[in-house]
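Participant: Sequence first, predicted model second:
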Amino acid sequence: MADKVIYAMYDDDDVLKDGAKKLVSKGVKVSEVFSPFPIHGIDPIIGIKNTRLGIMAFIYGLFGLTIATLGLRYFMVVDWPMNIGGKPNFTYLDNILSFIPITFEFTVLCAAHGMAITYFLRNKTLPGMPAQNPDPRTTDDKFVIELRTSENSQFSAEELEAMVKDTGIVELDQKDVA
Amino acid sequence: MHKEAAIREPLILGHKTYHDITEDVCRPIEDKAPRMWYILFGIALIVGLYGIGCILYLLGTGVGVWGLNKTVGWAWDITNFVWWVGIGHAGTLISAVLLLFRQKWRMAINRSAEAMTIFAVFMAGLFPLIHMGRLWLGYWVLPLPNHFGSLWVNFNSPLLWDVFAISTYLSVSLVFWYIGLIPDFATIRDRAKRPIPKKMYTILSFGWSGRAKHWNRFELVSLVLAGLCTPLVFSVHSIVSFDFATSIIPGWHTTIFPPYFVAGAVFSGFAMVQTLLLVMRKAMKLEAYIHVRHVEYMNIVIMVTGSIVGTAYITELFISWYSGVEYEAYAFINRATGPYWWAYFAMMTCNVISPQLMWFKKLRTSLTFTFIIAIVVNIGMWFERYVIIVTSIHRDYLPSSWSMHYPSHIDIGVYLGTIGLFFVFFLLFARFFPVLALNELKTILKSSGESYKNAPDGQLPDPTPTPIAEGPVAKEVASVTDGEPTVDLEESKEEPIEAPSGLLGSIGSADESMKNDLKKLSGVGPAFETALNDAGIWTYEQISKMTKAEYDMMDALTGKFPGKAEKEDWASQAKELMNANN
């Protein structure tokens, strides 16, 4: 089915937000918003769920904590207990104080890098990827709403355009996608 | 939602639009580098290469080329290490701690402060590596399975904690910094006209497109990374201080060290940020973004942390007497009155007295004074580490081992070399990277930008605000900042002049219906565009027909930036834009 993409460009984030609200209240599905900076409060309007990356960071952190604990126990208690001034080192708990710094650092290391890698993969932003914003000005000072006719089958392309024109846009563009 | 207390002063001066922010930050990257940049880069490179030469000589000959001896086995190497790590603390503190506290003023300085952090930690990391003597066996610090039976590194040693702390700190800061840079690289990518920069920034920007979902993730990742970095930054310098605090040397084994070192690190880091930014804002014309308010806030941080450091010095002295331990007492009496009294004196003057001057509003809002104090603090903090390290060990328990430390020229060369390399990195950063966090600055424009500030709710000002009246009033507005005009005085709207038939005759006339976006021409902002439109110039086609004679006529009409159009060769830019449109 031929899909038509409508790009409505705004020159202000608040105008875009009001426009999106108006469109959504009429039952239009906004597929995407491109902006040069995060527009606070746009996510619930266009139906974007909050990211779960924070939970992932916590899980990566737990993973790091576990590895560090098991590793330190193995290196310092099981495999090669060091005799340092005759201080007891036969159990993990006896030595735990001097293991805290590295355990902490390793937890942070895993949480931060795990989350960063997940972030890049989920965004599909990786070195050398081509840019996908519809207009180069959307990384400067323009804001674009993307509508797709396939996701708004109850409206015709003309009706969508008429509705969009009502929201204070500065430019309108459309593209056919196979 | 864009409201902010009226009492807070604007953070972005002048009547900036989103596009102006992009222009101001991208201009230094897109223009040719000024001659001064090449001169500074050349000097830094020569000094850096000299340092690398010294390091290579050291690696070839042995650590003996440093001025260390049996008693003073640690001196400039570890002093420089701690000094650089300390400097490296301000960046993360600014971007992480201030993010958690939602301090908006951080946004103008966090990018360059983080860059400074990363380069400073590079320099810091060099010293332990060099000190190993056999650099190529550096991987032995990692717990790797090995051929010595199953001998592991000593996880009880603060030196190994350092390995983990510094490498975690460096890599996490780097990731935090880079994630913030990606959207800004995308901005540069989308503006780039020449193919090589375009290609380069396309790779660097990872295909960032600014989708709403991506921004959602971006904000969360920044927040969580800030949350992780905050304890990290405190842990790193605490662990550095453990290198000394867990030893049994009088003057070193002090429980006050961790907080005292962290405060000292923030203190010296902010001083270095001031040193760099005061020069950078001027050289790169960023006075509207980094202005006297930012400098004042940083000076207050310097004052507070400087006071903590001062209190720690006095507490140390007091406790050494109060403890009743004669070795401890001697270590401190010797520090203040022994052969290194001059270093102790320098440390006390630079770090305890100089930040107290910041109590005076007049002084802490003076840029020249701030710069001088920042340099003084940098020097003082180097002496602090030198005093702690060398004076504590140069008097051994056996008087026959008493000794002094005299740096060799290799000591000095390596140290100067790291300063050179640091500036090589920083200058490259200033040349090729967006030095302000573009995307973050744009988010605060409406709450803290001068022209939006205190606008009645829902009544956002005209994007091209009515220009301030020319004359004394406008000048005054400009001079409150710091005595130098940071606001480009916008011309008052002139009476629309009838365009002489000469100009439009040769380039053809047009009207609003044929309008092209003239802002795409280099150097054209919204106000300039309006002026061009008033002169009857609306389209690329008209501009593409211009030659020297038409440029002159146009300059006379608009009265703005004479010679700009000719210098930037608008005609061919317009031709390109026409082709791109078709």
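Facilitator: Perfect, thanks for sending it. Numbering: from 1, shown residues only, chains lettered A, B, ... in the order given.
Participant: Which parts of chain A belong to which domain?
Facilitator: Split into domains by automatic domain parsing, chain A comes to A:3-50+A:142-177, A:53-123.
Participant: As TSV, the ones you listed with mean pLDDT and distance to chain B would be great.
Facilitator: For the C-beta atoms, the positions are set from N, CA and C on the backbone; glycine is no exception. Shown next, in TSV, are the domains of chain A (pLDDT from 0 to 100; distance: least, CB to the nearest CB, whole Å):
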stretch	mean pLDDT	distance to chain B
domain A:3-50+A:142-177	82	4
domain A:53-123	87	4
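Participant: Same list (those) but as JSON lines, adding mean neighbour count.
Facilitator: Shown next, in JSON lines, are these (neighbours: other CB atoms under 10 Å in any protein chain shown):
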{"stretch": "domain A:3-50+A:142-177", "mean neighbour count": "18"}
{"stretch": "domain A:53-123", "mean neighbour count": "17"}
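Participant: To B:R385, which of those lies closest?
Facilitator: Ranking the domains of chain A by proximity to B:R385 (CB to CB) places domain A:53-123 first, at 20.8 Å.
Participant: Pull the contacting residues for the closest residue to B:K545 other than its chain neighbours.
Facilitator: Leaving aside its sequence neighbours, B:K545 sits nearest to B:I507 (CB to CB, 6 or more residues apart in numbering or on different chains; 4.4 Å). Counting by CB atoms under 8 Å, 6 or more residues apart in numbering or on different chains, B:I507 touches B:I537, B:Q542, B:I543, B:K545, B:M546, B:E550.
Participant: Quick check: the gap between the residue lying closest to B:A192 once chain neighbours are set aside and chain A.
Facilitator: Distances taken as CB to CB, 6+ apart put B:K198 closest to B:A192, at 4.0 Å, once the chain neighbours are dropped. According to CB to the nearest CB, to the nearest Å, B:K198 and chain A sit 10 Å apart.
Participant: just to revisit the earlier point, now the contacts of B:I507 in JSON lines, with secondary structure and neighbour count?
Facilitator: Below are those laid out as JSON lines (DSSP: H, G, I helix; E, B strand; the rest coil; neighbours: other CB atoms under 10 Å in any protein chain shown):
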{"residue": "B:I537", "secondary structure": "coil", "neighbour count": "25"}
{"residue": "B:Q542", "secondary structure": "helix", "neighbour count": "24"}
{"residue": "B:I543", "secondary structure": "helix", "neighbour count": "26"}
{"residue": "B:K545", "secondary structure": "coil", "neighbour count": "14"}
{"residue": "B:M546", "secondary structure": "coil", "neighbour count": "22"}
{"residue": "B:E550", "secondary structure": "helix", "neighbour count": "23"}
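Participant: Just the closest of the residues you listed to chain A, please.
Facilitator: Nearest to chain A out of those is B:I543 (CB to the nearest CB; 18.9 Å).
Participant: what's in contact with stretch B:191-202?
Facilitator: A:128, A:130-131, A:136, A:140, B:22, B:26, B:30, B:185-186, B:188-189, B:576.
Participant: how about the strands in chain B?
Facilitator: For chain B, applying DSSP state E gives no strands.
Participant: pLDDT below threshold where in the stretch 51-200 of chain B?
Facilitator: Counting by pLDDT under 70, the stretch 51-200 of chain B contains low-confidence ranges at B:148-149.
Participant: show me where it has helices.
Facilitator: Assigned by DSSP state H, counting those that start in this stretch, the stretch 51-200 of chain B shows helices spanning B:76-87, B:89-92, B:98-100, B:110-131, B:158-191, B:195-204.
Participant: which strands and helices sit next to the helix or strand where A:A68 lies?
Facilitator: Using DSSP states H and E, A:A68 sits within helix A:53-73. Judged by 3 or more CB pairs under 8 Å, 6 or more residues apart in numbering or on different chains; DSSP states H and E, helix A:53-73 is in contact with helix A:92-123, helix B:212-245.
Participant: want to throw those helices into a markdown table with distance to B:F422?
Facilitator: Listed next are the helices and strands packed on helix A:53-73 as a markdown table, based on distance: least, CB to CB, whole Å:
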| stretch | distance to B:F422 |
| --- | --- |
| helix A:92-123 | 24 |
| helix B:212-245 | 18 |
